[in-house]
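Asker: sequence and predicted structure below; questions after.
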Amino acid sequence: MTDWTDPDTFARALERADTKEKGNCFEDFEEGDVIEHDPGLTLTQFGNEQWMGQTLNHDPAYWRSDAAEARGFEEPPIHPDYLTAATLGITVEDLSEKGGYFLGRTDVRFPGTPVYAGTELHVESEVVNRATSSSRPEYGIVSWRTRGKDAETGEVLCSYERTNMIPRREPVATDGSGAAAAEESDDDGPDLPETFVTPEGGYFEDFAEALERADEENAAVAYRHERGRTQDDVTVASLPLATLNTAKQHHNVDVMSDSPSGDIVTYGDVTRSTALGHARSDEETWREVGFDDESFHTFVAVGDTVYAFTRVLEAEDSVEESSTGSRTSSENTASSDEAGTVRFEHIAFNQDDEPVYSGTRTAEIRKRSG
Ligand SMILES: C/C(=C\C(=O)SCCNC(=O)CCNC(=O)[C@H](O)C(C)(C)COP(=O)(O)OP(=O)(O)OC[C@H]1O[C@@H](n2cnc3c(N)ncnc32)[C@H](O)[C@@H]1OP(=O)(O)O)C(=O)O
């Protein structure tokens, strides 16, 4: 009788067996396709605290009832970074499990927040763009609009547009124009302002005052944050799996040894949330409003340390009044007169000072006088 576990026999069996494939290739996506993602997730206090603890998001309003109430929440809510990461994690099986990398995301918004523990998430995505990569024949570039909804009420809690490099079944000829353009770009050297201004504190007034000072001095409000977080098995493999993110990039060292990164890499949402955690530790955050123009520039792997750099772009002190006289919020107006709205650019960088993530963020920041 054949012993299938004999190593030689088993090696031959493996050679002859078909693989039941997971995930979709570039050719499987058509613009306009709508995909309802089967995995769902109940947003729990444990999942929320695990994410926030490991990414150094220690804002007390998300941990303690009294601090939550002082910020106008019923109880410590689900953190917007965890909500974003969970909304994306659920989609990976259908959209990007085949491989390829998370390149960027924009228009990240939270129309239904605050969200509390116990909410069940139902997620759907629409293919909004499919493009040929001019530099990488084995990949195409796909963008999706994703919406994470409250499974019970249908209310949209988190939505965004995301772009990944996705493997093709068949490589295509590329014209190399992207790579050539990058090589041709003339390098006149960096064009940085002479003076960098650092806000004195983390309140809205500190950011507004620093911007005024920078305007007078033809300077930029730009500074780095001291904390760093070295990537380990928890941040690289455990946190994405806890969001049901099945991307092999984060947990299959065997397959990834033969990939552009050569190793497993940190989930983009972990890198970004860690850098945002560093930035938030130096400010008095009131509410997160949204994120745009997010890009992942290079890989982060076990042993790399994630640091953060912040540029303050705008500060707006206005609160919109509705016709009934009650407060409403829009992009540049705060939801409460206790806060003003600030737009930041955050850059995550590694121990070699290489940018690994960048994006703009709009947040309501508490007023000292509020
Ligand atoms: C979730 C999830 C997976 C992850 O979280 S993976 C971890 C996060 N992502 C990364 O670590 C990727 C970091 N990026 C890189 O290391 C490099 O970008 C990469 C993937 C090696 C490619 O480098 P290249 O130097 O070959 O090329 P480019 O960076 O110029 O990009 C290749 C083409 O993509 C286009 N592109 C780049 N960013 C965007 C964007 N935000 N939106 C649209 N298109 C973008 C770029 O223009 C290039 O196009 P060509 O036509 O010139 O090829 C999960 O699995 O879901």
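Answerer: That came through, no problem.
Asker: part of a helix, is residue 235?
Answerer: Yes - per DSSP: H, G, I helix; E, B strand; the rest coil, residue 235 lies within a helix segment.
Asker: just give me the neighbour total for it.
Answerer: By the criterion of other C-beta atoms under 10 Å, residue 235 has 24 neighbours. No exception for glycine: its C-beta is placed from N, CA and C like everyone else's.
Asker: pLDDT score for it?
Answerer: We have a pLDDT of 98 for residue 235.
Asker: which bits of the stretch 151-300 of the chain sit near the ligand?
Answerer: 163-165, 178, 247, 249, 260, 265, 267-268, 295-299 (C-beta under 6 Å from any ligand atom).
Asker: among those residues, find the lowest-pLDDT one for me.
Answerer: Among those, residue 178 has the weakest pLDDT, 56.
Asker: helices and strands of this protein: which one has the lowest mean pLDDT?
Answerer: strand 327-328 (a mean of 43; mean pLDDT, DSSP states H and E).
Asker: before we move on, back to that, farthest pair in the residues of the stretch 151-300 of the chain next to the ligand?
Answerer: 178 and 267 (25.4 Å; C-beta to C-beta).
Asker: quick one, which of the two is more surrounded?
Answerer: residue 267 (26 against 13).
Asker: tell me how many other residues crowd the closest residue to that one other than its chain neighbours.
Answerer: Nearest-residue entry for residue 267: residue 240, 3.9 Å, with adjacent residues in sequence omitted and distances by C-beta to C-beta, 6 or more residues apart in numbering. Applying other C-beta under 10 Å, we find 25 residues neighbouring residue 240.
Asker: OK, contacts around residue 240?
Answerer: 85, 89, 247, 250-251, 267, 269-270 (C-beta atoms under 8 Å, 6 or more residues apart in numbering).
Asker: surely residue 84 meets residue 158?
Answerer: Yes - between residue 84 and residue 158 there is a contact under C-beta atoms under 8 Å: 5.7 Å.
Asker: what residues do the two have in common as contacts?
Answerer: residue 108.
Asker: what segments of this structure are helices?
Answerer: Secondary structure of the chain (DSSP state H): helices at 7-16, 45-54, 65-70, 80-89, 92-95, 177-184, 204-217, 233, 239-242, 253-256, 268-280.
Asker: how near is residue 74 to residue 117?
Answerer: Shown here: residue 74 relative to residue 117, a distance of 11 Å by C-beta to C-beta, to the nearest Å.
Asker: the more surrounded of those two?
Answerer: Per other C-beta under 10 Å, whichever of residue 74 and residue 117 has more neighbours is residue 117, with 16 against 10.
Asker: pLDDT score assigned to the nearest residue to that one once chain neighbours are set aside?
Answerer: In space, and not counting its chain neighbours, residue 117 is closest to residue 45: 4.3 Å by C-beta to C-beta, 6+ apart. Residue 45 carries a pLDDT value of 98.
Asker: separation between residue 45 and the ligand?
Answerer: 24 Å (C-beta to the nearest ligand atom, to the nearest Å).
Asker: do residue 202 as well
Answerer: Note on residue 202: its distance to the ligand, by C-beta to the nearest ligand atom, is 28 Å.
Asker: how close does residue 354 sit to the ligand?
Answerer: Noted for residue 354: a distance of 10 Å to the ligand, by C-beta to the nearest ligand atom.
Asker: what's opposite the nearest residue to residue 29 once chain neighbours are set aside in the beta bridge?
Answerer: In this structure, residue 29 finds its nearest non-sequential neighbour in residue 127, 4.8 Å apart by C-beta to C-beta, 6+ apart. Residue 127 has these beta-bridge partners by DSSP bridges: residue 144.
Asker: residue 127 reaches residue 30, doesn't it?
Answerer: Yes - Residue 127 is within contact range of residue 30, at 6.2 Å (criterion: C-beta under 8 Å).
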